[in-house]
Structures are given as C-alpha cells and as structure tokens.
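Asker: model this:
(one chain, ligands or ions: 1)
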Amino acid sequence: MILVTGDTHRFTDFKKLKSPTLSHLTKEDYLIIVGDCGVLFFPNTDKEAIEEYNALPFTVLFVDGNHENFDALYAYPVEMWNGGKVHRLASHVIHLMRGQVFEIEGKTFFTFGGGLSIDKAYREPHVSWWPQELPTEEEIQEGLSNLAKHKNKVDFVLTHDCPSSLLSVVGLYSFKAQGGFLKFAKSNEALERIYAVLDFTHWYFGHYHIDQFFTEKFTCLYQDVIQILP
Ligand SMILES: [Fe+2]
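Answerer: You can find the predicted model right below:
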C-alpha cells in the first residue's frame, strides 16, 4: 500500500504518522511525505529523530521541502533505489531526490522537492535555513531529461511546491495558513516548466499547510494521510 501526506516538520506535525489507523501497515508499505520532513534539522539530535522515523511500522519516503538541513542531507551517499537517486538515512527512511522517476508497486512517480522559506529573513544560513532549498537549473534539466526517458509520462508527481499556474488558486485557500504570506518562487517556475511537458494522473504537493483538492489533477496535503489513487 502507498500512502501520502504533507509536511511533518520533524515532530511538530508527526502525530499523524502515529495514528492507530496506520498501525496495521508493515515495512512493505510506503508512507510518502511531500516535503518538510525535517528529520534532519538539528545535528545534535538528528540520530534520535531518524531512529524514531525508522521505528514506524511502514517505510518512510520523502521529497525534500524547504525546512530540511540540506548540508546534513547531502552528506549522505547517493544510492539508486527503484530506478532513481536517493539518500538512505536509515534502513526504512529514504529521501527521494529531485528530478527522479521511481517505480513503486508498479506505478511511476516523478519527484521534485524544494521550496522557498517565506521566513528566511528570520533564520540563520546553514543553521536554520539552507540555500539549497530552491532548485538549480541543473536539477531541472536532470528532471526534464529523466522524464524524456519515460516519454514525459508518469502515474504520479510528488513535489513540495506547486507549479506557478496553480499559485493563485492555492493562495485563495492557503494565504491565512501561511501567516498572510504567499510568494512566487523559483520552485514554482521550475515546476511550471515540468508541468508544461508532463502527462500524469495525479500530482501531490505540500508546503501550503492545507488539505485541499484542486481540479481533478492536484491535491495539496498537510495533516491528511491518504491512500494514493489506484
Ligand atoms: Fe512546511
């Protein structure tokens, strides 16, 4: 079984992963967090945090968001897993890197993390904020090239941010949840370029701290834990 949910922010929004409704799952099942996992954030206690995520009954997969310690994350070796590049933090805690196509339970998933921290002015570089949060041109090109190898068609898309063309409608719902801020970012532009070439069934994203279905194609997730569409 494959489930998907929104930001966990390390332990701030972790409770949803401990829900009794998930206790029957096994390590053969996957719970995907669409960014802001935050399991790597404070180096002094990261080890304990990873152990707690790894102790969940299911396998945790995550795309990166903007609240991740990218210096710590990128220090892990890159491995291939199910067709794409990952960082394996523990046996059952796996980071799905940007611009990759994975095959899981017979379905294809395109992943592309990253997003803008609207509060970065109040954060300290490489301590509580990391410039790697925004995608680079190289990562966008790698994503486009990997998609081309799949004829620009996947079953599902997993991102932290959303394409820019969706931003105005997302903003109608999330402006309050984001504390009155909503900023166009390079991540929106990158995802719009990907959206322009991509044929997909459904796109799941996080970042905006709302649980909302947009059109038939997009779902923003925060606290909801849902089964991926069949
Ligand atoms: Fe978040």
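
Asker: what packs against the helix or strand hosting residue 141?
Answerer: Element membership of residue 141 [criterion: DSSP states H and E] is helix 137-149. Helix 137-149 sits against strand 100-104, strand 107-112, helix 186-197, with contacts defined as 3 or more C-beta pairs under 8 Å, 6 or more residues apart in numbering; DSSP states H and E. The way it works is simple: take the backbone N, C-alpha and C, and place the C-beta from them, glycine included.

Asker: give me that answer again for 7 Å
Answerer: strand 100-104, helix 186-197 (3 or more C-beta pairs under 7 Å, 6 or more residues apart in numbering; DSSP states H and E).

Asker: now for the ones you listed, which one comes closest to the ion?
Answerer: Closest to the ion of the helices and strands packed on helix 137-149, according to C-beta to the ion: helix 186-197, at 12.8 Å.

Asker: C-alpha coordinates for the closest one, CSV please?
Answerer: What follows is the C-alpha trace of helix 186-197 in CSV, where atoms were taken according to Å, rounded to 0.1, in the frame of the first residue of the first chain:
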residue,chain,number,x,y,z
LYS,A,186,11.9,29.8,-8.4
SER,A,187,10.4,26.4,-7.3
ASN,A,188,7.0,27.4,-8.8
GLU,A,189,8.7,28.4,-12.1
ALA,A,190,10.7,25.1,-12.2
LEU,A,191,7.5,23.0,-11.6
GLU,A,192,5.6,25.0,-14.2
ARG,A,193,8.3,24.0,-16.8
ILE,A,194,7.9,20.4,-15.8
TYR,A,195,4.1,20.7,-15.8
ALA,A,196,4.2,22.0,-19.3
VAL,A,197,5.7,18.8,-20.7
